[in-house]
Every structure is written in C-alpha cells, then in structure tokens.
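# Make a model of this:
(2 chains)
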Amino acid sequence: MAEGNGKANGKAKEVIIEVRDVVVGFGSRTVLNHLDLDVYRGEILGFVGGSGAGKSVLMRTIVGLLPKRSGQIKVLNVDMTNGPEPARHAVERRWGVLFQQGALFSSLTVKENIQFPMREYLKLPQRLMDEMAVAKLEMVGLDATALDKFPSELSGGMTKRVSLARALALDPDIVFLDEPTSGLDPIGAGDFDTLIATLQKTLGLTVFMVTHDLDSLHTVCDRIAVLVDGKVAVAGTMETMLASTHPWLRAYFHGKRSRGAQGLDTKADAAPIPTP
Amino acid sequence: MNGKSLLEGTADGDQLRLAGTGAWTSANARQLEGLIDSAVRRYAAAKAVAIDMAHVDRLDTFGAWLLERLVRAFSARGAQTQVVGLKEDYRALMDELHTVKLAETQGRPNPIVQALASIGISIAGVGQSLITMINMLGALAVAFLRVIVNPRRLRFTSTVHQLDNVGWRAVPIMLLITFLVGCIIAQQGVFHFRKFGADIYVVDMVGILTLRELGVLIVCIMVAGRSGSAYTAELGAMKMREEIDALRTMGLDPIEVLVLPRIIALIIGVPILTFLGSMAALYGGGLVCWLYGGIDPEIYLQRLKEAIDLKTFQVGMIKAPFMALVIGTVACVEGLSVKGSAESLGLQTTASVVEAIFLVIVLDGLFAIFFASIGM
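Model prediction:
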C-alpha cells in the first residue's frame, strides 16, 4: 500500500525481500551459488550481471516460478518455502511482476488484462473497475483510447506500459521488473525510467529491477546489486560501484558505454579505434 | 474492521463536512463506493463541502480514486469542494489521479443490428475463405510447377519427415480403427441378414462398403483430426512468432518451403493408409464372419472374390489423393490465417478440422455421383 517514500524517514531501513544462501541450478549447472541479497522497503534496486549470469533466474526464484535447491527467501517477513500457505498466498497478492515480453493475455483486451487481477481478487462493481483501468492506464502514461485494443495491436513500448499497469492493478508493495527498458528506443527507455521513478514516489513502491541499461542504473536506481559467478559481488550505490576494484565491475561501469551514460567525454577513448 | 463507518457526513445548512476514517484501500473499496454514492445523493443540496481525510490511515489508488470521484461529483454540482488533512505522502498520488480523464461512455449498440451484422460478417467470411482456399490452390499449383521444372527445389528432407509423421506413425491407429469398423459392420450384417437367411451376402456388403467408401472416409477423417490439426497449429504458431515473415524476407516462398512438402506428404501418405486401412477392415470383417457368423475363411475369400472386382478397389483408391489435397489445403490455409492471439490459434485449428471433415464428406458425395454416371 502507498506509505510514502520510505527513504525519507530516518528509521532503520526495513528489509522487504531477504534472500539467504540460495542455490539454484539446472541439471549439473549451478546458476546461483549460495547467494545473499537484501532489498529494503521503498528503494529501487537495480540488479545487473552478464547475459546468462542468472539475473532473471533469481527474480523467477523469488516469485516462486523456479525451485531452489537450498536456502531461504523471505518476502515481507514471510518464509516463501516453509511459511504457512495462506500467508504465502497473501504475499503473492502484494507483488506485481512485469515480464520481459509483457506476458499480456493475448485473448483479452487491454482493459480486461488490467482488470483481470482485480476481478480475481477483489469484489468490485464493474463501474469502479472500468474507472480504475483508466486511472492505471493514465498512471503509466497511456490514455483511455488504448482500452479496447488487443495486445497484438500494441507497440513494444505500449505493451510494456500496459503490463506495468497490470502489475500495478492491485496496488502492490513490490514490483519486479525484468529488463523493463529492453527493446525500447533511448527516448522511450528514458520515459519509462522516469515513469518508474514517479510511480515509486506516488505509490511508495519497492522496485526490484533486472536491467542491462546503464542509463536506468544512473538515473533511477537507489542501489545496485551485481551478480558475478552466482553470487552478489557488490551491492550499494552508484558511487560504490564506480569505486569498486572488482575486475568485472570495472569493465562494466568503466566501459565506454558506461562513461557515455555518466555524461563523460568518450571521444578520447573512441579516437584510437581504427576507422575502416 | 472497527465499528466506525469509513465516511461520515454532518450537514450544517448548505455546509457539509465529510470525515473519512480507517483504511481507504482496495479491500474496502466496495463498501466505500456505496458510502460515497449515497453521500453524494443525500447531500445533493450542499453548497460547500469539506472532506476531512486526517483520520484515514491508509490510502491506495482505489481509495484515492474514490476520493477523487467524490470531489468531482460535488464540484460538478457547483459546490465548493476542498480536501483537508490529507497526509503529505499521499499528495502525489492525488495529484496523479486528479488528471485522469475518463472515456466518454458509449451506449451499447442495438442488439438486432448487432445480430444482423454478425450474420453478414459470417456470410462474407464464407466467401472470403472460399477465395483464400482457391488462392492457396493456385499458389500450390505454381509452386508445384516450379518444382516439376526444377526438381531440386523440392524440400526432400522435409517431405520425408512429414511423411514419417502423417504416414508411418499413423499406421497403428489407422489399422486399429479400420479393423474395428470392419468387425462392427460384419457383426451387424450377420445379425440382421441371418433373419432372412442371407448370411453369405454379409461378405458382399463388407467388401463393397469398405473398399468403396468406408476405408477412405474413416482414414480421411482420422487424418484430418490427427495431421490436419497439427499442420494448422504448427503453421499458426510459426505465423504468430513471425517465422513466416522471416522466411519471406529471405526471399523464400513459404508455400514452397512449408506448405508443399506437407501436402505432398499427405498425397502420398493417405492412399497408403487407405489401402492398409481397407485391408484391416476386410480382415476384421472376415474374422467376425468366421467367429460370430460361422462363415469359414475359405468361403469368405471365395465369396469376396466374386463380390468385388478391381473397379471397387480403384474407386476407393482414386478418391484418396483428392481427399488428402483438400485436408492439406484447408489445414494450411487456416494455419496461415492465424492472428496474433492464442485464442485465434485455437479457433483456426477447430475450423481446420471441422472444414476438412465437412469437405471430405461433400467430396465423397460428388465422387459417388461421378462414378455412378461413368458406370464404375
């Protein structure tokens, strides 16, 4: 529920997702190897790592789509493995997930997609649900004209926005975003970042964002966690990342693309590249 | 919940003071909506409204929207409306919802017009699907001619793979089904013909019926359900994932690459299955005649030889490749007309099987007329 911006108050930060010693693997391959991670209430956590390092695997493990071999995951202080079934079910209502491809139900319209969780979990009159669908759509930067479209008629950016609206349908505490800006043009990606930051402030969300987008990390993320070799190598603010001496982090955050995102002059580096 | 109402009003002349309490969240939204609507109706005459939100301890989008709706309802009647005591944390949320513009609600269209329109659309759809079917046959003919001129263009591996799927792997189930159908016909024949001592004519019936009609029909219906649906689903899924567009952009003709091998496989496979099926039915019929009807296998074969000739067998076999062409064409047309949604894939697969079986039976009728007129 909306409880304002958690960062503003000076109280000790409340851990909202607690991942302890988690091991996840497929066959003989271990993807997450004794991984620990804390996510605090009201923050936007950017989760980075190389392609195939297991970022999405961790996200899918937290939301219960993948089984883990060992370890413990607590969300909103409920043990998601051994906790009582009703409590775990209640937690599932308090998070929203934005999948990489949107995962909108293709046979339902935009309006029906957004209303789907409301219809399943809340007993609301149709009029209120219709108005809420418009309100949610406007919150993600679309308007009522999109209501009766089918997912196959939406552009990539619109699909992401509609699925974000669906993820927000029940006013969740936590939103999981799997590469929210992938496949968007830089302007669209920038808009989406701003949107996430705005929504985080207005709704008091905690955002867990798997991303590759260095601009997103710079502009919206409060904290960044880096996944290397199945473990969180470093977690902290952007300054911590830039100060780290870990070789993978140096390559990632001091590469040319990263400097561009920081607004540093990259031309000096670009010059030695031989031009054909 | 505590006993206190979420919203309480105290009217003082045309001054109205509304006080909200508790959690204005999605869980209470239904109750809250009722309270708000009744407050708007009850205090319709209010000229100045103050909404005190100081005792609302939780507010989510649902609650905030209902508050916004309350404000709008009073403002629309010209009342001075203000919200006081709202926690600072929720200010941004209220501002966000303040800008929401609701769509103009359109009246429902006339149901009679809608019914007429849907009849019109489906009739136009029949015409349209006939045209796409003819279009596909034309495209197939062109692709086939290209392959004839240059046989190396034929996707041989793909054709063999499809033949394996629709032919070889279908043999056990086809044999079983036609065998059972043969048994049933013979049993029914023996049971009824025995009443007037015409047991032996059961053999004539089994022979002519299976070879001319039932062998090919049963096999075609099975193939439409088994392979036609698979074709539609495969091509439909490829269409949804833009794989067919990808083929086109590489300068390849999807008809030649995907459709032709599948249809050639069916045209080869269905006659073979028909032959095997007819034999299984004759075998089943013979078995029942022997065990149930007391007709010796030797007599059965003797009688069969007299009852049928090569023509009977030919009639069934000639029909098979045409039926295969119809099944394959319908399946591929339906597969290629799948739209973006999962629902459309299901609809087209259903349509493919239903249309294919329907057309197979219609075609069988046309063949019956044709063979009768040429005396076969």
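
# Any chance you could list what contacts stretch A:48-62?
Contact with stretch A:48-62 is made by A:17, A:19, A:22, A:24, A:31-32, A:35, A:37, A:47, A:66-68, A:73, A:75, A:80, A:100, A:176, A:178-179, A:208, A:210-212, A:217, A:224-228, A:230, A:248, A:252, as judged by Cβ atoms under 8 Å, 6 or more residues apart in numbering or on different chains. Any C-beta I mention is one placed from the backbone N, CA and C, and that applies to glycine too.

# which of those residues count as buried?
Among these, those buried by neighbour count (16 or more other Cβ atoms under 10 Å in any protein chain shown) are A:17, A:19, A:22, A:24, A:31-32, A:35, A:37, A:47, A:66, A:68, A:73, A:75, A:80, A:100, A:176, A:178-179, A:208, A:210-212, A:217, A:224-228, A:230, A:248, A:252.

# Among these, which lie within helices?
Counting by DSSP state H, those place A:217, A:248, A:252 in helices.

# from those residues, which is closest to chain B?
The closest of those to chain B turns out to be A:Leu217 (Cβ to the nearest Cβ; 23.7 Å).

# tell me what the helix of greatest length in chain A is packed against?
Secondary structure assigned by DSSP H gives helix A:186-203 as the longest helix of chain A. Here helix A:186-203 touches strand A:44-49, helix A:156-167, strand A:206-210, helix A:214-219, helix B:91-98, going by 3 or more Cβ pairs under 8 Å, 6 or more residues apart in numbering or on different chains; DSSP states H and E.

# For the stretch 101-250 of chain A, which residues are neighbours of chain B?
Neighbours of chain B within the stretch 101-250 of chain A, by Cβ under 8 Å from any Cβ of the partner chain: A:106-107, A:118, A:122-125, A:128, A:131-132, A:134-136, A:138-139, A:143-145, A:147, A:150-153, A:168, A:170-171, A:198, A:201-204.

# picking that back up, among the buried ones among the contacts of stretch A:48-62, which are located in strands?
Among these, the members found in strands (DSSP state E) are A:17, A:19, A:22, A:24, A:31-32, A:35, A:37, A:47, A:73, A:75, A:176, A:178, A:208, A:210, A:224-228.

# Can you spell out which helices and strands pack onto the longest helix that chain B contains?
Taking DSSP H as the criterion, chain B has its longest helix at helix B:111-149. Applying 3+ Cβ pairs under 8 Å, 6+ apart, we find helix B:111-149 packed against helix B:260-291, helix B:310-336.

# Determine which of the ones you listed approaches B:Met222 most closely.
Shortest distance between B:Met222 and the helices and strands packed on helix B:111-149, using Cβ to Cβ, is found for helix B:260-291: 8.2 Å.

# For B:Val83, grab phi and psi.
phi -100, psi 130 (degrees, to the nearest 10).

# my bad, should have said A:Val78
Backbone torsions for A:Val78, taken as degrees, to the nearest 10, come to phi -110, psi 130.

# Point out where the chain drops to low pLDDT.
The chain I'm using is chain A. A:1-12, A:256-276 (pLDDT under 70).

# Chain B, not that one
B:1-4, B:103-107.

# residues in it within reach of chain A, list them.
Within reach of chain A by Cβ under 8 Å from any Cβ, chain B has these residues: B:25-27, B:29-30, B:33, B:58-62, B:64-66, B:69, B:87-90, B:92-93, B:96-97, B:99-103, B:339-344.

# picking up where we left off before, would you turn the helices and strands packed on helix B:111-149 into JSON lines with mean neighbour count?
Shown next, in JSON lines, are those (neighbours: other Cβ atoms under 10 Å in any protein chain shown):
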{"stretch": "helix B:260-291", "mean neighbour count": "23"}
{"stretch": "helix B:310-336", "mean neighbour count": "22"}
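
# what's the closest of these to B:Leu363?
helix B:310-336 (6.0 Å).

# which element follows the closest one toward the C-terminus?
Later in the chain than helix B:310-336, the nearest helix or strand by DSSP states H and E is helix B:342-373.

# you'd agree A:Arg161 is up against A:Met139?
No - using Cβ atoms under 8 Å as the test, A:Arg161 is too far from A:Met139 to be in contact (9.5 Å).

# Thanks again, I'm all set now.
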